[in-house]
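> The sequence and its predicted three-dimensional model are supplied below.
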Amino acid sequence: MIPLPTAAPIPLQATFVPSENAIAWWGPSDVASALVEATNLVGRAASIRLAIPDGASVVAKDVAVVLTDVAEAARTLDDIDSYRHFEQSVLAWKEASRITLHEEPSAGWGRLVEQIPPAGHAILDADETSIMAPAVLLHAFRLAVSSSRLLRSGVIQADLRPYQNYGVAWLRDRAQLGAGAILADEMGLGKTLQSISVLATRRSATPHLVVCPTSLIGNWRREIQRFSPTTPVLRYHGTDRHLPASFAPGTVVITSYPLLRSDPAVNSTEWDVVIFDEAQQLKNPTAEVTRAALQLKSTCRIAMTGTPVENNLDELWSIFSVTNPALLGPRARFRQRFVAPIQQRRSTTAATTLSKLVQPHMLRRTKAQVATELPPRLDSTVVCTLTNEQIALYRRTVDQAFTNDGLGSGIGRSGRVLALITALKQICNHPAQYQGASTAEPGRSGKYDRAMEMLAEIVDDGERALVFTQYRAMGDLLSTGLEQAIQKTRIPFLHGGLSAARRDELVRAFQEDDDSPPILVLSLRAAGFGLNLTRASHVLHFDRWWNPAVEEQATARAHRIGQTQTLTVHTLITEGTIEDHIDRMHHEKQGIADTITGDPTTALAALPDRELRNILDLNTAEVS
């Protein structure tokens, strides 16, 4: 018998995917088996958007690929001698690996840029209108291989995720260029580890500087000692602080924003890389701390913040004025070009232009994009009713505010509107908070009673919870009330009035001690950043903040890398009140351009009394 001819196997194609820190392989129907046969590489299956020929045109398609670590793939490609399983795209990356591992890029890079086929750089840009230029992709490849090899040399004792490896390579490139950057990953994705990796792999003679909130100095020191124990660390804070005349190579000095403002030694020292943690501290361009940050002498400034814009676009300008001073131009011009069109007229054209302008200088990833393995998060809105006492207090407070001349006009109007809104929010929480009492009795607040019931049930189920409130007084009332409701030891309250050491101890106990209280009450602003509280499986927002990003930042204390449980987020709303208005504002915000709405209190104060009262009055249809 004459054997039938068999189809030749489809060769492997390859391209580099910077965001995955990996070489993507595709082509054969069984990519994984073909890859093992040709290279012995084992990777992970994924779907990547690539530019693929389709007849006479090229279209964007979801392609089933196998991703292999870039450093491992580079070593393997460099060693392989047989070419029969490969398309020209793979051979191009083999040559890129040889040059990266053995030569200076200038030796053969120019020729390779000209020779690499379209499949070899088939990565699409963000809006899928073009593919990445060969020179740009090859540069990113060289950075990724170099960075990965450094990270695995023992200087960092952690297994970074692919997106973190990419973040480190990107930040190292910015530092090598002497350019600033904003690392704006969503809270909980490991910005601290990425920044430590950059500092640890730049063993320069000039020291590095980390500037952070006072409460996070201890956390930074522990994290550096944990992930890079060979990196010299100096805590520069307190009355006994001292900077030496010389530093060991790669020394990291950790200080606080208050000291940045006032300490001449910090401002007179030459720094290599400066990290600004929780860089929203620099959101006011006229503040003394922002001006002090601008004066630092450094090679590179990196701002870390999960919320580069909390309230308005001026905050983004302010942070970039520190990291990349000339990028956004003079403030007046920026306000004319972007702030007014976006915040006042909701211009999508201006928002798109601004996004393209800052994109090369700001790296932003979300959990949905890069941490799909995180346990799911369930969001629940809990609608609470007012008691008769709350209804009477609420109505009386609104009536009194609008009698006679109402809230007035001029400079004092905004202050009176803010005082009224604060009073109404306190009444929604509990009459005891509004009246300044030291205890909150059950039965006087529908929201308070519902929170007690929910938290008691959570504890009975053997789970742990974080409770956030924006008010110090309400936190004290909740702490005392929860002690009685669940009949346990006193429930701790973490707030800005505690020492840094005490706050660190509360966090450590909640995370590690089996006999620690199962509930931790936290001030929204004092505990909204820099803490790891992944032992909680529930988060309860007792009252509402105007900006949803602030609440998201607090929730991320539990919904972050290291969380192994499904996280349930309970948001309490008192029906028919100012809290309903805040909730509607949250749901109406879509995308970054829509979240930049300025100061809501100022916007409310600008309304005439009749319109303002319509917003603040009780909705009788919902409370009756």
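Alright, I've got the coordinates. Numbering: from 1, shown residues only.

> going forward, measure contacts and count neighbours with C-alpha atoms only.
Fine.

> Let's verify residue 196: helix, strand, or coil?
helix (DSSP: H, G, I helix; E, B strand; the rest coil).

> and it, how many neighbours does it have?
Residue neighbour count, defined by other CA atoms under 10 Å, stands at 21 for residue 196.

> hang on, it packs against residue 225?
No - shown here, residue 196 and residue 225 do not form a contact pair, counting by CA atoms under 8 Å, at 10.0 Å.

> for this structure, longest helix please?
Looking only at the chain and at elements set by DSSP state H, the helix with the highest residue count is helix 411-429.

> then that one to PDB, C-alphas only?
Output for helix 411-429, consisting of C-alpha atoms alone and laid out as PDB, is shown next (Å, rounded to 0.1, in the frame of the first residue of the first chain):
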ATOM      1  CA  ILE A 411     -17.800  83.100  51.900                       C
ATOM      2  CA  GLY A 412     -19.700  81.700  54.900                       C
ATOM      3  CA  ARG A 413     -22.300  79.800  52.800                       C
ATOM      4  CA  SER A 414     -20.000  76.800  52.000                       C
ATOM      5  CA  GLY A 415     -19.100  76.400  55.700                       C
ATOM      6  CA  ARG A 416     -22.800  76.400  56.700                       C
ATOM      7  CA  VAL A 417     -23.700  73.900  54.000                       C
ATOM      8  CA  LEU A 418     -20.800  71.600  55.100                       C
ATOM      9  CA  ALA A 419     -22.000  71.900  58.800                       C
ATOM     10  CA  LEU A 420     -25.500  71.000  57.800                       C
ATOM     11  CA  ILE A 421     -24.500  68.000  55.700                       C
ATOM     12  CA  THR A 422     -22.200  66.800  58.500                       C
ATOM     13  CA  ALA A 423     -25.100  67.000  61.000                       C
ATOM     14  CA  LEU A 424     -27.400  65.100  58.800                       C
ATOM     15  CA  LYS A 425     -24.900  62.300  58.300                       C
ATOM     16  CA  GLN A 426     -24.300  62.100  62.000                       C
ATOM     17  CA  ILE A 427     -28.000  61.700  62.600                       C
ATOM     18  CA  CYS A 428     -28.100  58.900  60.000                       C
ATOM     19  CA  ASN A 429     -25.400  57.200  62.000                       C
END
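
> which residue ranges form the helices in the stretch 201-350 of the chain?
In order along the chain, the stretch 201-350 of the chain carries the following helices (DSSP state H, counting those that start in this stretch): 217-227, 257-262, 264-268, 288-295, 313-323, 331-334, 348-358.

> how about these, which one is nearest residue 15?
Ranking these by distance to residue 15, with CA to CA as the measure, places helix 348-358 first at 24.7 Å.

> Tell me the strands beside whichever helix or strand comes after that closest one, with direction?
Next helix or strand after helix 348-358 toward the C-terminus (DSSP states H and E): strand 362-363. Here strand 362-363 has these sheet partners by DSSP bridges: strand 181-183 (parallel).

> SS state for residue 41?
With three-state DSSP as the basis, the three-state label of residue 41 is coil.

> Leaving out the residues flanking it, which one is nearest to it?
With CA to CA, 6 or more residues apart in numbering as the criterion, residue 41 has its nearest non-adjacent residue at 6.2 Å, and that residue is residue 35.

> What about that neighbour, how many residues nearby?
Based on other CA under 10 Å, the number of other residues close to residue 35 is 22.

> part of a helix, is it?
Yes - remark: residue 35 belongs to a helix, assigned using three-state DSSP.

> Quickly note the distance from it to residue 547.
Here residue 35 is placed at a distance of 49 Å from residue 547 (CA to CA, to the nearest Å).

> what do you get for residue 567?
Here the criterion is CA to CA. By it, residue 567 lies 21 Å from residue 547.

> ditto for residue 83
Relative to residue 547, residue 83 is positioned 57 Å away (criterion: CA to CA).

> quick one, which of the two is more surrounded?
Of the pair residue 83 and residue 547, residue 547 is the one with more neighbours under other CA under 10 Å, namely 20 against 12.

> So for the more buried one, what pLDDT did the model give?
At residue 547, the model reports a pLDDT of 72.

> Please look at it and residue 311 and confirm they touch.
Yes - using CA under 8 Å, residue 547 is in contact with residue 311, at 7.0 Å.

> And the longest helix of the chain, what does it pack against?
Other elements packing on helix 411-429 under the criterion 3 or more CA pairs under 8 Å, 6 or more residues apart in numbering; DSSP states H and E are helix 388-402, helix 431-435, helix 446-460, helix 578-588, helix 600-605.

> need these in a markdown table with mean pLDDT, can you?
Conversion of the helices and strands packed on helix 411-429 to a markdown table gives the following (pLDDT from 0 to 100):
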| stretch | mean pLDDT |
| --- | --- |
| helix 388-402 | 92 |
| helix 431-435 | 94 |
| helix 446-460 | 88 |
| helix 578-588 | 75 |
| helix 600-605 | 69 |
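
> Between the ones you listed, which one is closest to residue 257.
With CA to CA as the criterion, residue 257 lies closest to helix 600-605 of the helices and strands packed on helix 411-429, at 27.2 Å.

> and after that closest one, which helix or strand comes next?
Next helix or strand after helix 600-605 toward the C-terminus (DSSP H and E): helix 609-616.

> quick one: residue 383 is in a helix?
No - according to three-state DSSP, residue 383 belongs to no helix; its state is strand.

> OK, contacts around it?
For residue 383, the contacting residues are 572-575, by CA atoms under 8 Å, 6 or more residues apart in numbering.

> Any of those buried? List them.
Of all these considered here, the ones buried according to neighbour count by 16 or more other CA atoms under 10 Å are 572-575.

> Those in strands, which ones?
572-574 (DSSP state E).

> a markdown table for these, including distance to residue 176 and pLDDT?
Putting these into a markdown table (distance: CA to CA, whole Å; pLDDT from 0 to 100) gives the following:
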| residue | distance to residue 176 | pLDDT |
| --- | --- | --- |
| 572 | 48 | 91 |
| 573 | 49 | 88 |
| 574 | 52 | 89 |
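
> wait, which of those is closest to residue 386?
Closest to residue 386 out of these is residue 574 (6.8 Å), distances taken as CA to CA.

> For the closest one, give the beta-bridge partners.
residue 384.

> I'm done for today, thanks for sticking with me.
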